[in-house]
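# Show me how the following folds:
(one chain, ligands or ions: 1)
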Amino acid sequence: MVKLNSNFGKLTSSYLFPQIEKKVSDLKARSPSSEIINLGIGDITKPLPEPIVKAIVDAILELENDVSKARYGPSIGFSFLRKAIAKNDYLDLGIDENDIFISNGAKCDIANIQELFDTDSIVAICDPTYPVYVDSNVIAGRTGFYQDGKYQKIVYLPCEEKNNFFPKIPDVPVDLIYLCSPNNPTGTALPYDELKKWVDYAIQNKAVIIFDGAYEAFINTKNTPHSIYEIEGAKKCAIEIRSFSKKAGFTGLRCSYTVVPHELKVQNTSIRECWVRRCETKFGGVPYPIQMGALATYSDKGKQSIDTIISEYVDQMKTLTSGLKSIGWKFYGGVDAPYVWVKAPSSSWEFFDELLTKAKIISIPGAGFGSYGEGYIRLSAFAPKEHIETALNRLSGIYTCATQ
Ligand code: MLT
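Below you'll find the model as predicted:
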(Lines give C-alpha, C1' and ligand atoms only; values in the text may rest on other atoms or scores of the structure.)
Protein backbone atom coordinates (compact mmCIF):
# COMPACT_ATOMS: atom_id res chain seq x y z
CA MET A 1 0.00 0.00 0.00
CA VAL A 2 1.33 3.37 -0.95
CA LYS A 3 2.05 5.68 1.95
CA LEU A 4 1.86 9.44 2.12
CA ASN A 5 5.03 11.49 2.66
CA SER A 6 4.47 11.76 6.40
CA ASN A 7 6.19 15.15 6.49
CA PHE A 8 3.02 16.70 5.06
CA GLY A 9 1.38 15.85 8.36
CA LYS A 10 3.90 18.11 10.12
CA LEU A 11 2.85 21.26 8.24
CA THR A 12 1.01 23.49 10.67
CA SER A 13 -1.82 24.83 8.53
CA SER A 14 -2.52 25.84 4.97
CA TYR A 15 -0.10 28.20 3.24
CA LEU A 16 -0.38 31.76 4.58
CA PHE A 17 -1.69 33.62 1.54
CA PRO A 18 -4.66 31.30 0.77
CA GLN A 19 -5.65 31.57 4.47
CA ILE A 20 -5.93 35.31 3.99
CA GLU A 21 -7.80 34.97 0.70
CA LYS A 22 -10.34 32.77 2.50
CA LYS A 23 -10.94 35.42 5.18
CA VAL A 24 -11.34 38.08 2.50
CA SER A 25 -13.78 36.00 0.47
CA ASP A 26 -15.81 35.27 3.63
CA LEU A 27 -16.04 39.01 4.25
CA LYS A 28 -17.07 39.63 0.63
CA ALA A 29 -19.79 36.99 0.96
CA ARG A 30 -21.09 38.61 4.16
CA SER A 31 -20.81 42.13 2.90
CA PRO A 32 -20.75 42.18 -0.93
CA SER A 33 -20.73 45.97 -1.27
CA SER A 34 -17.55 46.41 0.81
CA GLU A 35 -14.77 48.19 -1.03
CA ILE A 36 -11.82 46.22 0.18
CA ILE A 37 -8.33 47.67 -0.23
CA ASN A 38 -5.51 45.19 -0.67
CA LEU A 39 -2.34 46.12 1.20
CA GLY A 40 -1.65 42.43 1.72
CA ILE A 41 0.10 40.19 -0.79
CA GLY A 42 3.01 41.80 -2.60
CA ASP A 43 1.57 41.55 -6.08
CA ILE A 44 2.23 44.07 -8.82
CA THR A 45 -0.40 46.63 -9.81
CA LYS A 46 1.26 48.34 -12.77
CA PRO A 47 0.91 47.01 -16.30
CA LEU A 48 3.83 45.38 -18.05
CA PRO A 49 5.94 48.10 -19.72
CA GLU A 50 5.51 48.47 -23.49
CA PRO A 51 9.08 47.45 -24.51
CA ILE A 52 8.65 44.19 -22.61
CA VAL A 53 5.18 43.51 -24.04
CA LYS A 54 6.53 44.18 -27.52
CA ALA A 55 9.44 41.78 -27.03
CA ILE A 56 7.05 39.05 -25.88
CA VAL A 57 4.63 39.64 -28.77
CA ASP A 58 7.46 39.68 -31.32
CA ALA A 59 8.79 36.44 -29.85
CA ILE A 60 5.35 34.84 -30.08
CA LEU A 61 5.11 35.89 -33.74
CA GLU A 62 8.48 34.24 -34.39
CA LEU A 63 6.93 30.94 -33.33
CA GLU A 64 4.75 30.98 -36.45
CA ASN A 65 7.74 30.63 -38.78
CA ASP A 66 10.56 29.24 -36.68
CA VAL A 67 9.94 25.89 -35.07
CA SER A 68 13.31 25.99 -33.29
CA LYS A 69 11.87 28.62 -30.93
CA ALA A 70 8.95 26.38 -30.02
CA ARG A 71 11.03 23.28 -29.39
CA TYR A 72 12.45 22.29 -26.04
CA GLY A 73 14.80 25.02 -24.94
CA PRO A 74 17.71 24.57 -22.54
CA SER A 75 16.43 23.66 -19.07
CA ILE A 76 18.85 26.13 -17.54
CA GLY A 77 17.70 29.00 -19.77
CA PHE A 78 18.76 30.55 -23.06
CA SER A 79 22.29 31.85 -23.26
CA PHE A 80 21.10 35.29 -24.51
CA LEU A 81 19.32 35.95 -21.20
CA ARG A 82 22.02 34.43 -18.99
CA LYS A 83 24.63 36.61 -20.71
CA ALA A 84 22.51 39.75 -20.28
CA ILE A 85 22.04 39.04 -16.57
CA ALA A 86 25.78 38.47 -16.06
CA LYS A 87 26.60 41.69 -17.90
CA ASN A 88 23.97 43.90 -16.30
CA ASP A 89 23.53 42.56 -12.79
CA TYR A 90 26.91 41.02 -11.97
CA LEU A 91 29.45 43.08 -13.89
CA ASP A 92 32.69 43.15 -11.87
CA LEU A 93 31.40 40.52 -9.43
CA GLY A 94 32.99 37.57 -11.22
CA ILE A 95 29.73 35.82 -12.07
CA ASP A 96 29.51 34.57 -15.63
CA GLU A 97 26.63 33.26 -17.70
CA ASN A 98 27.48 29.65 -16.82
CA ASP A 99 26.72 30.38 -13.17
CA ILE A 100 23.22 31.68 -13.98
CA PHE A 101 20.08 29.54 -14.26
CA ILE A 102 16.76 30.85 -15.55
CA SER A 103 13.69 29.65 -13.69
CA ASN A 104 9.94 30.10 -13.58
CA GLY A 105 9.90 32.10 -10.36
CA ALA A 106 12.04 32.65 -7.28
CA LYS A 107 9.49 30.82 -5.16
CA CYS A 108 10.09 27.53 -7.03
CA ASP A 109 13.87 27.70 -6.79
CA ILE A 110 13.72 28.79 -3.15
CA ALA A 111 11.60 25.72 -2.43
CA ASN A 112 13.67 23.36 -4.58
CA ILE A 113 17.26 24.36 -3.85
CA GLN A 114 17.32 22.45 -0.54
CA GLU A 115 17.21 19.19 -2.58
CA LEU A 116 20.92 19.63 -3.21
CA PHE A 117 21.75 19.16 0.44
CA ASP A 118 21.66 16.23 2.82
CA THR A 119 18.39 15.69 4.67
CA ASP A 120 20.35 15.79 7.93
CA SER A 121 21.58 19.33 7.25
CA ILE A 122 20.79 21.75 10.05
CA VAL A 123 18.85 24.64 8.62
CA ALA A 124 18.92 28.19 9.99
CA ILE A 125 16.02 30.42 9.07
CA CYS A 126 15.22 34.01 10.00
CA ASP A 127 12.07 34.55 12.04
CA PRO A 128 9.95 36.24 10.74
CA THR A 129 10.50 35.39 7.11
CA TYR A 130 9.00 34.19 3.83
CA PRO A 131 7.20 30.94 4.75
CA VAL A 132 8.54 28.93 1.78
CA TYR A 133 11.96 28.40 3.42
CA VAL A 134 10.43 26.65 6.41
CA ASP A 135 7.67 24.75 4.60
CA SER A 136 9.96 23.34 1.89
CA ASN A 137 12.33 22.00 4.54
CA VAL A 138 9.43 20.52 6.51
CA ILE A 139 8.19 18.67 3.40
CA ALA A 140 11.74 17.47 2.69
CA GLY A 141 11.91 15.90 6.17
CA ARG A 142 14.60 18.15 7.58
CA THR A 143 12.53 19.08 10.65
CA GLY A 144 10.72 17.45 13.52
CA PHE A 145 7.21 18.32 14.63
CA TYR A 146 5.80 21.77 15.27
CA GLN A 147 5.81 22.60 18.97
CA ASP A 148 5.41 25.89 20.83
CA GLY A 149 5.53 27.96 17.64
CA LYS A 150 8.61 26.23 16.19
CA TYR A 151 9.58 23.20 14.17
CA GLN A 152 12.01 20.96 16.00
CA LYS A 153 15.48 20.88 14.44
CA ILE A 154 15.19 24.24 12.65
CA VAL A 155 17.52 26.86 14.11
CA TYR A 156 15.46 30.04 14.16
CA LEU A 157 17.25 33.37 13.84
CA PRO A 158 15.09 35.95 15.62
CA CYS A 159 14.82 39.28 13.80
CA GLU A 160 13.55 41.66 16.43
CA GLU A 161 13.14 45.36 17.00
CA LYS A 162 15.96 45.26 19.59
CA ASN A 163 18.47 43.98 16.98
CA ASN A 164 17.22 46.20 14.11
CA PHE A 165 15.63 43.06 12.67
CA PHE A 166 19.10 41.73 11.76
CA PRO A 167 19.58 38.01 12.42
CA LYS A 168 22.40 37.06 14.80
CA ILE A 169 24.95 34.30 14.18
CA PRO A 170 23.58 31.25 16.04
CA ASP A 171 25.47 29.70 18.92
CA VAL A 172 24.96 26.19 17.52
CA PRO A 173 26.51 24.97 14.25
CA VAL A 174 24.27 25.19 11.17
CA ASP A 175 24.73 23.95 7.60
CA LEU A 176 22.22 25.76 5.44
CA ILE A 177 21.34 29.40 6.10
CA TYR A 178 18.44 31.26 4.48
CA LEU A 179 18.85 35.03 4.30
CA CYS A 180 16.45 37.42 2.61
CA SER A 181 17.60 40.97 2.00
CA PRO A 182 15.67 43.23 1.73
CA ASN A 183 13.73 41.06 4.09
CA ASN A 184 10.19 39.95 3.50
CA PRO A 185 8.31 40.81 5.74
CA THR A 186 10.25 43.30 7.89
CA GLY A 187 11.33 45.45 4.94
CA THR A 188 14.87 45.87 6.32
CA ALA A 189 17.98 45.27 4.22
CA LEU A 190 21.24 43.86 5.60
CA PRO A 191 24.08 46.39 5.55
CA TYR A 192 27.50 45.32 4.29
CA ASP A 193 28.95 44.53 7.75
CA GLU A 194 25.99 42.40 8.77
CA LEU A 195 26.07 40.39 5.55
CA LYS A 196 29.84 39.96 5.82
CA LYS A 197 29.41 38.30 9.24
CA TRP A 198 27.31 35.60 7.55
CA VAL A 199 29.70 35.06 4.67
CA ASP A 200 32.61 34.75 7.11
CA TYR A 201 30.59 32.33 9.25
CA ALA A 202 29.65 30.21 6.22
CA ILE A 203 33.26 29.99 5.04
CA GLN A 204 34.57 29.10 8.51
CA ASN A 205 31.86 26.53 9.18
CA LYS A 206 31.55 25.08 5.68
CA ALA A 207 27.92 26.19 5.53
CA VAL A 208 25.97 27.37 2.47
CA ILE A 209 23.87 30.55 2.34
CA ILE A 210 20.71 30.72 0.24
CA PHE A 211 20.41 34.44 -0.40
CA ASP A 212 16.96 35.58 -1.51
CA GLY A 213 17.30 38.90 -3.31
CA ALA A 214 13.78 39.09 -4.77
CA TYR A 215 13.39 42.71 -3.60
CA GLU A 216 16.86 43.92 -4.59
CA ALA A 217 15.48 46.54 -7.00
CA PHE A 218 13.91 48.41 -4.08
CA ILE A 219 17.16 49.08 -2.20
CA ASN A 220 17.63 52.83 -1.71
CA THR A 221 20.13 53.03 1.15
CA LYS A 222 23.71 53.65 0.07
CA ASN A 223 26.32 50.97 0.89
CA THR A 224 23.65 48.32 1.18
CA PRO A 225 24.75 45.30 -0.88
CA HIS A 226 22.45 44.45 -3.77
CA SER A 227 24.14 41.10 -4.21
CA ILE A 228 25.80 38.80 -1.68
CA TYR A 229 28.70 38.49 -4.15
CA GLU A 230 29.72 42.04 -3.23
CA ILE A 231 31.14 40.38 -0.11
CA GLU A 232 34.54 38.78 -0.58
CA GLY A 233 34.43 35.01 -0.45
CA ALA A 234 30.66 34.74 -1.06
CA LYS A 235 31.11 32.90 -4.36
CA LYS A 236 32.51 30.00 -2.36
CA CYS A 237 29.55 29.75 -0.01
CA ALA A 238 26.39 31.37 -1.40
CA ILE A 239 23.60 30.82 -3.88
CA GLU A 240 21.62 33.92 -4.86
CA ILE A 241 18.05 33.97 -6.14
CA ARG A 242 16.50 36.97 -7.88
CA SER A 243 13.29 37.58 -9.73
CA PHE A 244 11.80 39.67 -12.52
CA SER A 245 8.46 39.50 -10.66
CA LYS A 246 8.39 42.58 -8.46
CA LYS A 247 11.07 44.46 -10.37
CA ALA A 248 9.61 44.23 -13.87
CA GLY A 249 6.01 43.10 -13.40
CA PHE A 250 6.44 39.36 -14.05
CA THR A 251 4.52 37.93 -11.07
CA GLY A 252 2.12 36.13 -13.41
CA LEU A 253 4.53 35.66 -16.33
CA ARG A 254 7.00 33.75 -14.14
CA CYS A 255 10.68 34.40 -14.69
CA SER A 256 13.54 34.50 -12.22
CA TYR A 257 17.14 33.41 -11.98
CA THR A 258 19.39 31.58 -9.58
CA VAL A 259 23.13 32.11 -9.36
CA VAL A 260 25.18 29.06 -8.41
CA PRO A 261 28.84 30.10 -8.74
CA HIS A 262 31.27 27.52 -10.11
CA GLU A 263 33.50 28.16 -7.06
CA LEU A 264 30.83 26.74 -4.71
CA LYS A 265 31.78 23.21 -3.72
CA VAL A 266 30.45 20.90 -1.03
CA GLN A 267 32.54 17.84 -0.20
CA ASN A 268 34.63 18.61 -3.29
CA THR A 269 31.55 18.41 -5.51
CA SER A 270 30.43 21.32 -7.65
CA ILE A 271 27.01 22.46 -6.48
CA ARG A 272 26.59 24.13 -9.86
CA GLU A 273 26.94 20.74 -11.59
CA CYS A 274 24.37 19.25 -9.21
CA TRP A 275 21.93 22.06 -9.98
CA VAL A 276 22.44 21.56 -13.74
CA ARG A 277 21.66 17.87 -13.25
CA ARG A 278 18.60 18.68 -11.16
CA CYS A 279 17.27 21.24 -13.68
CA GLU A 280 17.80 18.86 -16.60
CA THR A 281 15.91 16.13 -14.80
CA LYS A 282 13.09 18.12 -13.27
CA PHE A 283 12.61 21.31 -15.24
CA GLY A 284 11.65 22.02 -18.83
CA GLY A 285 12.78 25.65 -18.93
CA VAL A 286 10.95 28.96 -19.18
CA PRO A 287 9.07 29.61 -22.47
CA TYR A 288 11.08 31.44 -25.14
CA PRO A 289 8.72 34.49 -25.35
CA ILE A 290 8.94 35.01 -21.59
CA GLN A 291 12.74 34.87 -21.68
CA MET A 292 12.68 37.40 -24.55
CA GLY A 293 10.48 39.61 -22.36
CA ALA A 294 13.02 39.28 -19.55
CA LEU A 295 15.81 40.14 -21.99
CA ALA A 296 13.95 43.35 -22.91
CA THR A 297 14.20 44.50 -19.27
CA TYR A 298 17.91 45.11 -20.03
CA SER A 299 17.34 47.22 -23.16
CA ASP A 300 17.62 50.99 -22.78
CA LYS A 301 13.86 51.43 -23.08
CA GLY A 302 13.23 48.48 -20.77
CA LYS A 303 15.56 49.91 -18.12
CA GLN A 304 13.88 53.31 -18.35
CA SER A 305 10.40 51.80 -17.92
CA ILE A 306 11.52 49.76 -14.94
CA ASP A 307 13.13 52.83 -13.32
CA THR A 308 9.81 54.64 -13.73
CA ILE A 309 7.84 51.78 -12.20
CA ILE A 310 10.19 51.39 -9.25
CA SER A 311 10.15 55.12 -8.56
CA GLU A 312 6.34 55.05 -8.60
CA TYR A 313 6.34 52.20 -6.07
CA VAL A 314 8.86 54.14 -3.97
CA ASP A 315 6.57 57.15 -4.10
CA GLN A 316 3.67 54.94 -2.95
CA MET A 317 5.85 53.69 -0.09
CA LYS A 318 6.50 57.28 0.94
CA THR A 319 2.77 58.05 0.87
CA LEU A 320 2.10 54.99 3.01
CA THR A 321 4.84 55.65 5.56
CA SER A 322 4.10 59.36 5.93
CA GLY A 323 0.39 58.58 6.40
CA LEU A 324 1.18 55.96 9.04
CA LYS A 325 3.44 58.46 10.81
CA SER A 326 0.68 61.04 10.85
CA ILE A 327 -1.68 58.65 12.62
CA GLY A 328 1.05 57.85 15.12
CA TRP A 329 1.67 54.22 14.21
CA LYS A 330 5.02 52.66 14.93
CA PHE A 331 6.53 50.83 11.98
CA TYR A 332 9.78 49.70 10.36
CA GLY A 333 10.96 49.06 6.82
CA GLY A 334 9.46 50.90 3.87
CA VAL A 335 12.82 52.33 2.78
CA ASP A 336 14.63 49.50 1.00
CA ALA A 337 11.60 47.32 0.38
CA PRO A 338 7.98 47.68 -0.67
CA TYR A 339 6.85 46.44 2.76
CA VAL A 340 6.16 48.20 6.03
CA TRP A 341 6.29 46.24 9.28
CA VAL A 342 3.74 47.76 11.61
CA LYS A 343 3.46 47.23 15.37
CA ALA A 344 0.03 45.90 16.23
CA PRO A 345 -1.81 46.95 19.41
CA SER A 346 -3.09 43.35 19.79
CA SER A 347 -2.09 39.97 18.41
CA SER A 348 -1.28 40.07 14.73
CA TRP A 349 -4.27 37.93 13.64
CA GLU A 350 -6.59 40.01 15.87
CA PHE A 351 -5.30 43.23 14.34
CA PHE A 352 -5.53 41.72 10.85
CA ASP A 353 -9.20 40.85 11.52
CA GLU A 354 -9.86 44.30 12.98
CA LEU A 355 -8.37 46.09 9.96
CA LEU A 356 -10.30 43.85 7.61
CA THR A 357 -13.65 44.24 9.27
CA LYS A 358 -13.46 47.86 10.48
CA ALA A 359 -11.38 49.51 7.73
CA LYS A 360 -11.86 46.93 4.95
CA ILE A 361 -8.09 46.80 4.53
CA ILE A 362 -6.20 43.59 3.83
CA SER A 363 -2.87 43.32 5.64
CA ILE A 364 -0.72 40.27 6.38
CA PRO A 365 -0.54 39.12 10.01
CA GLY A 366 3.07 39.03 11.14
CA ALA A 367 2.61 35.71 12.96
CA GLY A 368 2.12 34.09 9.55
CA PHE A 369 5.83 34.70 8.92
CA GLY A 370 7.00 33.10 12.16
CA SER A 371 6.55 33.40 15.91
CA TYR A 372 8.74 36.53 16.13
CA GLY A 373 6.29 38.17 13.72
CA GLU A 374 3.66 38.05 16.45
CA GLY A 375 2.54 41.56 17.39
CA TYR A 376 3.08 42.97 13.90
CA ILE A 377 1.27 43.21 10.59
CA ARG A 378 2.82 43.75 7.17
CA LEU A 379 1.47 46.36 4.75
CA SER A 380 2.46 46.44 1.10
CA ALA A 381 3.06 49.55 -0.99
CA PHE A 382 2.30 47.76 -4.26
CA ALA A 383 -1.31 48.96 -4.14
CA PRO A 384 -2.18 51.92 -6.40
CA LYS A 385 -1.49 55.30 -4.79
CA GLU A 386 -5.18 56.24 -4.65
CA HIS A 387 -5.94 52.98 -2.81
CA ILE A 388 -3.17 53.74 -0.30
CA GLU A 389 -4.59 57.24 0.20
CA THR A 390 -8.11 55.89 0.74
CA ALA A 391 -6.74 53.31 3.17
CA LEU A 392 -4.95 56.04 5.13
CA ASN A 393 -8.11 58.16 5.24
CA ARG A 394 -10.04 55.22 6.62
CA LEU A 395 -7.34 54.51 9.21
CA SER A 396 -7.11 58.11 10.37
CA GLY A 397 -10.91 58.13 10.73
CA ILE A 398 -10.81 55.07 12.98
CA TYR A 399 -7.53 55.26 14.90
CA THR A 400 -5.96 57.99 16.91
CA CYS A 401 -2.44 58.36 18.29
CA ALA A 402 -3.74 56.85 21.52
CA THR A 403 -4.05 53.36 20.04
CA GLN A 404 -0.30 52.67 20.04
C1 MLT B 1 4.44 38.27 -0.51
O2 MLT B 1 3.45 38.99 -0.47
O3 MLT B 1 5.11 37.98 0.48
C4 MLT B 1 4.86 37.74 -1.84
O5 MLT B 1 4.11 38.28 -2.86
C6 MLT B 1 4.72 36.29 -1.89
C7 MLT B 1 5.48 35.72 -3.04
O8 MLT B 1 6.24 36.40 -3.71
O9 MLT B 1 5.33 34.50 -3.23
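# So which residues on the protein come close to the ligand?
The chain has residues 41-43, 107, 184 near the ligand, with proximity defined as CB under 6 Å from any ligand atom. C-beta: built from backbone N, CA, C; applies to glycine.
# The helix or strand containing Thr258: what's the following helix or strand?
Secondary-structure element containing Thr258, defined by DSSP states H and E: strand 256-259. Reading on from strand 256-259 to the C-terminus, the next helix or strand found by DSSP H and E is strand 265-266.
# Adjacent strands (with direction) for that next one?
Its sheet considered, strand 265-266 pairs with strand 269-270 (antiparallel) by DSSP bridges.
# Return the distance of the partner strand from the chain's centre.
27 Å (CA atoms, centre = their mean, to the nearest Å).
# Buried ones in stretch 235-246, by neighbour count?
By 16 or more other CB atoms under 10 Å, the buried positions in stretch 235-246 come out as 235, 237-246.
# likewise stretch 115-129?
Buried residues in stretch 115-129 (16+ other CB under 10 Å): 116-117, 121-129.
# coming back round to it: so which of the residues of the chain next to the ligand is the closest to Phe352?
Distance ranking of the residues of the chain next to the ligand against Phe352, using CB to CB, places Ile41 first at 12.9 Å.
# Pull the number of nearby residues for that closest one.
15 (other CB atoms under 10 Å).
# burial of the residue lying closest to it once chain neighbours are set aside, as a residue count?
Using CB to CB, 6 or more residues apart in numbering and skipping the chain neighbours, the partner closest in space to Ile41 is Phe17 (5.6 Å). As a burial measure, Phe17 scores 15 neighbours (other CB under 10 Å).
# Does Phe17 belong to a helix, a strand or coil?
helix (DSSP: H, G, I helix; E, B strand; the rest coil).
# From Leu63, how far out is it?
33 Å (CB to CB, to the nearest Å).
# and if you look at Asp89?
From Asp89 over to Leu63 the distance is 28 Å, taken as CB to CB.
# do Ile398 as well
With the distance defined as CB to CB, Ile398 ends up 53 Å from Leu63.
# again, but for Lys301
Counting by CB to CB - Lys301 and Leu63 are separated by 23 Å.
# and what of Lys197?
Lys197 is 49 Å from Leu63, by CB to CB.
# try Glu273
Noted for Glu273: a distance of 32 Å to Leu63, by CB to CB.
# Over to Phe331?
47 Å.
# higher neighbour count, the two?
Taking neighbours as other CB under 10 Å, Phe331 and Leu63 compare with Phe331 leading, 20 against 14.
# ok, back up a step: JSON lines for the buried residues of stretch 235-246, including distance to Thr319 and pLDDT?
Below are the buried residues of stretch 235-246 laid out as JSON lines (distance: CB to CB, whole Å; pLDDT from 0 to 100):
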{"residue": "Lys235", "distance to Thr319": "39", "pLDDT": "98"}
{"residue": "Cys237", "distance to Thr319": "40", "pLDDT": "98"}
{"residue": "Ala238", "distance to Thr319": "35", "pLDDT": "98"}
{"residue": "Ile239", "distance to Thr319": "36", "pLDDT": "98"}
{"residue": "Glu240", "distance to Thr319": "31", "pLDDT": "98"}
{"residue": "Ile241", "distance to Thr319": "30", "pLDDT": "98"}
{"residue": "Arg242", "distance to Thr319": "27", "pLDDT": "98"}
{"residue": "Ser243", "distance to Thr319": "25", "pLDDT": "97"}
{"residue": "Phe244", "distance to Thr319": "25", "pLDDT": "97"}
{"residue": "Ser245", "distance to Thr319": "22", "pLDDT": "96"}
{"residue": "Lys246", "distance to Thr319": "18", "pLDDT": "94"}
